[in-house]
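Undergrad: Would you be able to build a 3D model of this:
(one chain, ligands or ions: 2)
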Amino acid sequence: MARKKIALIGAGNIGGTLAHLAALKGLGDVVLFDVVEGVPQGKALDLSQCSPVEGFDAKVTGTNDYKDIAGADVIIVTAGVARKPGMSRDDLLGINLKVMKAVGEGIAANAPDAFVICITNPLDAMVWALREFSGLPHHMVVGMAGVLDSARFSHFLAEEFQVSVKDVTSFVLGGHGDTMVPVIQYSTVSGIPVPDLIAMGRSSQEKIDAIVKRTRGGGGEIVALLKTGSAYYAPATSGIAMAEAYLYDQKRVLPAAAHLTGQYGIDNLYVGVPVVIGGGGVEQIVEIALDDEAKGNLSVSVDAVKELLVACKAIDGSLN
Ligand SMILES: NC(=O)C1=CN([C@@H]2O[C@H](COP(=O)(O)OP(=O)(O)OC[C@H]3O[C@@H](n4cnc5c(N)ncnc54)[C@H](O)[C@@H]3O)[C@@H](O)[C@H]2O)C=CC1
Ligand SMILES: O=C([O-])CC(=O)C(=O)O
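TA: Residues are numbered from 1 along each chain as shown. Ligands and ions are numbered 1, 2, ... in the order given. Below you'll find the model as predicted:
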């Protein structure tokens, strides 16, 4: 059986890390695509030279030609620009929308059967635009943010409760911006909801509120530290988890930006909600009951995403 093919559009910080992880985990042959000549080729050669040490047989190649992504099973899109200190993710919209157009057309022409995971920011608007430009079925185009935001939330919760991260589950829903919604009622340590842990005296509401705030600003905290760009290790790990769910038909329940058609009262928008990802792509949208506070916060977050779509349509008339 031929190896699977993973195409990575964008060979920057996340793209390179994705390629490394995909090769180490043996997901398949990796094609790194970028518009900058030499960068995908150089990273591919460097990564290929890991293979004798790590013992992987996967081929890693770099290209500037969309034809080389033909037949890809999974495509992960990180093409575009990342923010720097003082910028919001939304400031990237103008530049990255144009990038999504080129990428969407490249995918449509060369790999229309792939499962596409978009990571480029501002995430919820870019995944929506990428789907529009590519014309792929909605269930085959998904955005990565919730896995990362939940990982940050779980990491902070594990530190607070001084327990293994393996025993913490959490969900962050909504748009991938400052309005994202870490959902405390469904965040647990070995099944014990965080509100119960507060009642048990294991933490306080103030401390959990501070963790929610830190999670919401999690990307910005790293941008402020790095100064030259944004996070890439955890974003890449999160993208790979979603690719594995598809490639291995794992039917994982993961928070991801999925196309909603009335679920949560939201129509024709990509927003972060729990979904089931398996061999059929986004196989289910999971509608969980939210308390009034979470519902209100989700509605604020959805309004922020809607504003971004208005901005996209104003820039590119073909999106109307
Ligand atoms: N959804 C999420 O949770 C996260 C999203 N991001 C976003 O992911 C994106 C990528 O981040 P990094 O890899 O750190 O940025 P980076 O700047 O290191 O890499 C981006 C790459 O895209 C390439 N590129 C630009 N235009 C292109 C085009 N038209 N076609 C193909 N490639 C093109 C650039 O040459 C560069 O190599 C950014 O928009 C960033 O904001 C970053 C972290 C988390
Ligand atoms: O903060 C950024 O610009 C990158 C990002 O989306 C994240 O790390 O969550």
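
Undergrad: from here on, contacts and neighbour counts on C-alpha atoms
TA: Fine.

Undergrad: For my notes, confirm Val253 occurs in a helix.
TA: No - when classified by DSSP: H, G, I helix; E, B strand; the rest coil, Val253 is found to be strand rather than part of a helix.

Undergrad: For it, the count of nearby residues, please.
TA: For Val253, the tally of surrounding residues (other C-alpha atoms under 10 Å) stands at 18.

Undergrad: Please tell me I have it right and it contacts Val275.
TA: Yes - the pair Val253 and Val275 qualifies as a contact (C-alpha atoms under 8 Å) at a distance of 5.5 Å.

Undergrad: which residues does Gly143 bridge with?
TA: Following DSSP bridges, Gly143 is listed with bridge partners Cys118, Ala257.

Undergrad: Now do it against ligand 1, distance only.
TA: Using C-alpha to the nearest ligand atom, to the nearest Å, we find Gly143 at a distance of 7 Å from ligand 1.

Undergrad: Count the neighbours of whichever residue of the chain sits closest to ligand 2 for me.
TA: Distances from the chain to ligand 2, computed as C-alpha to the nearest ligand atom, single out Gly219 as the nearest residue at 3.3 Å. By other C-alpha under 10 Å, 23 other residues sit near Gly219.

Undergrad: Then Ile211?
TA: Around Ile211 sit 21 other residues, with neighbours defined as other C-alpha under 10 Å.

Undergrad: I'd say it and Phe156 touch.
TA: Yes - with the criterion set as C-alpha under 8 Å, Ile211 and Phe156 qualify as a contacting pair; they are 6.5 Å apart.

Undergrad: before we move on, back to that, next, the contact list for the residue of the chain closest to ligand 2, please.
TA: Gly219 sits next to 230-231 when contact means C-alpha atoms under 8 Å, 6 or more residues apart in numbering.

Undergrad: Return the distance of the helix or strand containing it from the chain's centre.
TA: Mapping Gly219 onto the secondary structure by DSSP states H and E places it in helix 218-226. If you compare the mean C-alpha spot of helix 218-226 with that of the full chain, they lie 17 Å apart, counting by C-alpha atoms, centre = their mean, to the nearest Å.

Undergrad: can I get the CA coordinates of that helix in PDB?
TA: Below are the C-alpha coordinates for helix 218-226, written out as PDB (Å, rounded to 0.1, in the frame of the first residue of the first chain):
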ATOM      1  CA  GLY A 218      -2.400  32.700  25.300                       C
ATOM      2  CA  GLY A 219      -1.300  33.500  21.700                       C
ATOM      3  CA  GLY A 220      -0.500  37.100  22.500                       C
ATOM      4  CA  GLU A 221       1.600  36.200  25.600                       C
ATOM      5  CA  ILE A 222       3.900  34.200  23.300                       C
ATOM      6  CA  VAL A 223       3.900  36.900  20.600                       C
ATOM      7  CA  ALA A 224       5.100  39.400  23.200                       C
ATOM      8  CA  LEU A 225       7.800  37.000  24.300                       C
ATOM      9  CA  LEU A 226       9.100  36.000  20.900                       C
END
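
Undergrad: longest strand of the protein?
TA: Of all segments of type strand in the chain, defined using DSSP state E, the longest is strand 267-278.

Undergrad: anything in that strand sitting right up against ligand 2?
TA: No - remark: strand 267-278 sits outside contact range of ligand 2, by C-alpha under 6 Å from any ligand atom, the gap being at least 13.2 Å.

Undergrad: ok, then the element right after that strand?
TA: Past strand 267-278, the next helix or strand by DSSP H and E is strand 281-285.

Undergrad: what lines up beside that following strand in the sheet?
TA: Paired strands of strand 281-285, with direction, are strand 267-278 (antiparallel) (DSSP bridges).

Undergrad: How about the residues of the stretch 1-150 of the chain by ligand 2?
TA: Counting by C-alpha under 6 Å from any ligand atom, the residues of the stretch 1-150 of the chain that sit close to ligand 2 are 82-83, 89.

Undergrad: which ones are touching Leu45?
TA: 60-62.

Undergrad: now the strands for the stretch 51-200 of the chain?
TA: For the stretch 51-200 of the chain, the strands defined by DSSP state E, counting those that start in this stretch cover 60-63, 74-77, 115-118, 141-143, 168-173, 181-189, 192-193.

Undergrad: Of the ones you listed, flag the one that's most buried.
TA: Highest mean neighbour count among these (mean count of other C-alpha atoms under 10 Å): strand 141-143, with a mean of 30.

Undergrad: Run through the neighbouring helices and strands of that one.
TA: Using 3 or more C-alpha pairs under 8 Å, 6 or more residues apart in numbering; DSSP states H and E as the contact criterion, the elements in contact with strand 141-143 are strand 115-118, helix 123-134, strand 252-261.
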